[in-house]
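K.L.:
Got a sequence here, can you model it:
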Amino acid sequence: MLFSAFVLPVVLLVSLVAVSASPNCSIPPLLLPVMNNTFSDGVGLNRGISLSIGTPGQLAGMRMTMNLNNTRLRNAADCNVLAPNNSAVVACRGSSSSTFDPDLSTSWMPVLEGDWNVSSIDFRPTGNGTTVIQGYDKAVLSANNTAGLLIPGFPFEVWSDASSPNKSALGLGADSSFLQSLAVLGYIPSKVLGLFYGSRSESRPYDGELVIGGYNNARISTGVSLTDFEIGGSGALSIACPLQVLIKDIVLGNSKGSFSVIETGSTIPACIDPLQAQFTFTSAMYARWESLTNHTFDAPGDGSGNYTMQTYPLSAEPLIGNLTITLSNGYTTVIPHYELLSHERGSDPEGKYAITNSSRLMAAVGTGLTDYGIDVPLLGGVYLSQNYLVVDYFKQKFSLAPAVIGAINGKSADIYKVCESSTSPATSSATPSPSSSPSKSKTNAGAITGGVVGGVVFLGLCVGLFFWLRKRDLHSPDVVITHEDPPTRDTSKISPRTPWQPGRLSSETI
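P.N.:
You can find the predicted model right below:
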């Protein structure tokens, strides 16, 4: 309780000042590895951004999504309900993209939804037994250009719904409470995102990198420029997706030739997002894909089970070559064979993403419900494996460019810093120009802001001490909110967002 009593008032009060403070352009961008992270049990792991949450710290490897503003973690109790033994529990944690047990953290501070200090609250489904606890806890963020960064009052949701495996995601939307926390604490110069997704391919996997406050110019192919898109696109999707595009054509290349899976003259709205790795096609697109690849659900007759939507016999490999995606503005991406196809994979008994059936192939293409719980065309992590993504919510745009895959010619990075208030091109942090250095006015503003924040911190400590002395003999029960009978909301904090319904994540989703 001492941690919560002191730190929470500080974070809440500082945030009131920080929202009006000018960006501090002297702060370097933050570099976060996208890699496999081992869970607290030392066995299971998940690919994503490394976070240690709570006291003692519970390790998480968080997948990323631009479709959410609030970070959410699956309640660890869900896996205990679903799983009959320890190995199944570990596998459940891996397929859930990490879990969190609020009962094991002495610093967890639940609050009512109306008292949750975030810019906006994402849509939450009603009914179906879904319960949500929102609150604050301390988190430590692993960055590769600095020591572990402490976020003392990290806001996130703990979801519980035993019927749906995929519940954990690091929200990187336009009103991201995670990005706002980093800005308040002075860890980033802006909320601009630069993402090199890396690869989960079977034969050529490699780690990725998320830059916050700029982008890695060394990951953009030589001689090409970023292609810009408007945030929100046409708004034609039934999901709150900021990275919307229109697909002009998708062509499958295989041993028999090149074949489009889109009807001639059509354009298909789609969402780009890294939470899910695979492509999700419309039912009409998948029907063409199914025909071109000779897919069948029928069992092979050797005593094994039916094929799934994504699995094939080994003999089908020549029919699944590469995939060429052309967007409405002409931007084109070729997905190579090694990204599109693998042996059948999923969460093994140790919670690791691994080959689960070496006698079958698995394509990174499906249809129907996505990991968002709705049927929407999706260009996921496999698409981003070939592209570098820059997201600038301040300028209402995102950009794509062909990515440099693998090692970068012996150098690790060429990080360009971007400040939110800047209207000029980004400058490299490796070779700073005068424009990238804070001006006198910015320095003065920073000093003023620092003084104000210092005063607020002192006031927060006093307030925290008061509440701790007042409540030290009281026990505060956990606050659990069920949305079958929701409390009255402060609608000023809620953005009108389209439903994000967490869906299934079975062993066939990659």
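K.L.:
could you measure the spatially most central residue of the chain against residue 352, distance?
P.N.:
For the chain, the residue nearest the mean C-alpha position is residue 64 (0.9 Å; CA atoms, centre = their mean). Per CB to CB, to the nearest Å, residue 64 is found 20 Å from residue 352. C-beta: built from backbone N, CA, C; applies to glycine.
K.L.:
Also residue 101?
P.N.:
Residue 101 sits 21 Å away from residue 352, going by CB to CB.
K.L.:
Got the phi and psi for the residue nearest to the centre of the chain?
P.N.:
With angles defined as degrees, to the nearest 10, residue 64 sits at phi -110, psi 150.
K.L.:
Check residue 133 too.
P.N.:
Dihedral angles of residue 133 (phi, psi; degrees, to the nearest 10) stand at phi -110, psi 130.
K.L.:
Was I right to think residue 150 contacts residue 140?
P.N.:
Yes: using CB atoms under 8 Å, residue 150 is in contact with residue 140, at 5.7 Å.
K.L.:
Between the two, which has more neighbouring residues?
P.N.:
Per other CB atoms under 10 Å, whichever of residue 150 and residue 140 has more neighbours is residue 140, with 17 against 14.
K.L.:
which element follows the host helix or strand of that one toward the C-terminus?
P.N.:
Here residue 140 sits within strand 131-141, counting by DSSP states H and E. Moving toward the C-terminus from strand 131-141, the next helix or strand (DSSP H and E) is strand 149-160.
K.L.:
Pairing partners for that following strand, with directions?
P.N.:
Partner strands and pairing direction for strand 149-160 (DSSP bridges) are strand 72-75 (parallel), strand 131-141 (antiparallel).
K.L.:
Which of the ones you listed sits closest to residue 314?
P.N.:
strand 72-75 (34.6 Å; CB to CB).
K.L.:
where in this structure is pLDDT low?
P.N.:
Counting by pLDDT under 70, the chain has low-confidence residues at 1-23, 37-45, 82-84, 126-128, 145, 163-166, 349-351, 372-373, 409-412, 421-510.
K.L.:
Tell me how it divides into domains.
P.N.:
Following automatic domain parsing, the chain resolves into domains at 1-26+435-472, 30-188+480-510, 217-403.
K.L.:
Between those, which one is closest to residue 417.
P.N.:
With CB to CB, the closest approach to residue 417 among these belongs to domain 1-26+435-472: 6.1 Å.
K.L.:
distance between stretch 143-159 and the chain's centre?
P.N.:
Stretch 143-159 has its C-alpha centroid displaced from the chain centroid by 14 Å (CA atoms, centre = their mean, to the nearest Å).
K.L.:
er, stretch 184-196 I mean
P.N.:
Mean-position distance between stretch 184-196 and its chain equals 14 Å (CA atoms, centre = their mean).
K.L.:
can you give me the end-to-end distance of it?
P.N.:
End-to-end distance of stretch 184-196: 25 Å, with CA to CA, to the nearest Å as the criterion.
K.L.:
what ranges do the strands span in the stretch 51-200 of the chain?
P.N.:
58-62, 64-65, 72-75, 99-100, 109-111, 131-141, 149-160, 170-171, 193-196 (DSSP state E, counting those that start in this stretch).
K.L.:
May I see these arranged in TSV, with distance to residue 249 as well?
P.N.:
What follows is these, written out as TSV (distance: least, CB to CB, whole Å):
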stretch	distance to residue 249
strand 58-62	34
strand 64-65	26
strand 72-75	35
strand 99-100	40
strand 109-111	49
strand 131-141	40
strand 149-160	38
strand 170-171	32
strand 193-196	25
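K.L.:
and of those strands, who's closest to residue 279?
P.N.:
Judged by CB to CB, the one of those that comes nearest to residue 279 is strand 64-65, at 16.2 Å.
K.L.:
Direction included, what does the closest one pair against?
P.N.:
Taking DSSP bridges as the criterion, strand 64-65 forms sheet pairs with strand 170-171 (parallel).
K.L.:
Give me the phi and psi angles of the nearest residue to residue 193 once chain neighbours are set aside.
P.N.:
Nearest residue to residue 193 in three dimensions, chain neighbours excluded: residue 391, at 4.2 Å (CB to CB, 6 or more residues apart in numbering). With angles defined as degrees, to the nearest 10, residue 391 sits at phi -120, psi 120.
K.L.:
Next, work out how far apart residue 391 and residue 217 are.
P.N.:
16 Å.
K.L.:
Same drill for these two, tell me which one is more crowded.
P.N.:
Using other CB under 10 Å as the criterion, residue 391 and residue 217 rank with residue 391 on top: 24 against 19.
K.L.:
Distance of the more buried one relative to residue 194?
P.N.:
Residue 391 sits 8 Å away from residue 194, taking CB to CB as the criterion.
K.L.:
correct me, but residue 101 touches residue 77?
P.N.:
Yes: using CB under 8 Å, residue 101 is in contact with residue 77, at 7.2 Å.
K.L.:
residues shared between the contacts of these two?
P.N.:
Counting by CB atoms under 8 Å, 6 or more residues apart in numbering, residue 101 and residue 77 have no common neighbour.
K.L.:
ok, and for stretch 303-315, which residues are buried?
P.N.:
For stretch 303-315, a neighbour-count test (16 or more other CB atoms under 10 Å) marks 307, 308, 309, 310, 311, 312 as buried.
K.L.:
Could you pick out which of these are located in strands?
P.N.:
Using DSSP state E, 311, 312 are the members of these that sit in strands.
K.L.:
The stretch 201-350 of the chain: helices as residue ranges?
P.N.:
Here the stretch 201-350 of the chain has its helices, by DSSP state H, counting those that start in this stretch, at 283-292, 337-340.
K.L.:
what's the neighbour count on the residue lying closest to residue 218 once chain neighbours are set aside?
P.N.:
Residue nearest to residue 218 in three dimensions, not counting chain neighbours: residue 414, with 4.0 Å by CB to CB, 6+ apart. Counted by other CB under 10 Å, the residues lying close to residue 414 total 16.
K.L.:
Could you double-check that residue 414 sits in contact with residue 215?
P.N.:
No: in this structure residue 414 lies outside contact range of residue 215 using CB under 8 Å: 9.5 Å.
K.L.:
thinking again about what came up before, please work out which of the helices of the stretch 201-350 of the chain is packed deepest.
P.N.:
Of all the helices of the stretch 201-350 of the chain, helix 337-340 has the most neighbours on average by mean count of other CB atoms under 10 Å, namely a mean of 18.
K.L.:
pull the CA atoms of that one into CSV?
P.N.:
Written as CSV, here are the backbone C-alpha positions of helix 337-340 (Å, rounded to 0.1, in the frame of the first residue of the first chain):
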residue,chain,number,x,y,z
HIS,A,337,7.8,-18.2,-49.9
TYR,A,338,9.7,-18.6,-46.6
GLU,A,339,7.4,-16.1,-44.9
LEU,A,340,4.2,-17.4,-46.4
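K.L.:
and it, what does it pack onto?
P.N.:
Applying 3 or more CB pairs under 8 Å, 6 or more residues apart in numbering; DSSP states H and E, one finds that helix 337-340 contacts strand 322-327.
K.L.:
Now do the strand it packs on: everything it contacts.
P.N.:
Contacts for strand 322-327 (CB under 8 Å, 6+ apart): 245-253, 258, 279, 332-337, 340, 365, 379, 383.
K.L.:
Report the buried members of these.
P.N.:
Among those, the ones that count as buried by 16+ other CB under 10 Å are 245-253, 279, 333, 335-336, 340, 365, 379, 383.
K.L.:
Throw the domains of the chain into JSON lines and include distance to residue 208, thanks.
P.N.:
Converted to JSON lines, the domains of the chain look like this (distance: least, CB to CB, whole Å):
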{"stretch": "domain 1-26+435-472", "distance to residue 208": "25"}
{"stretch": "domain 30-188+480-510", "distance to residue 208": "3"}
{"stretch": "domain 217-403", "distance to residue 208": "9"}
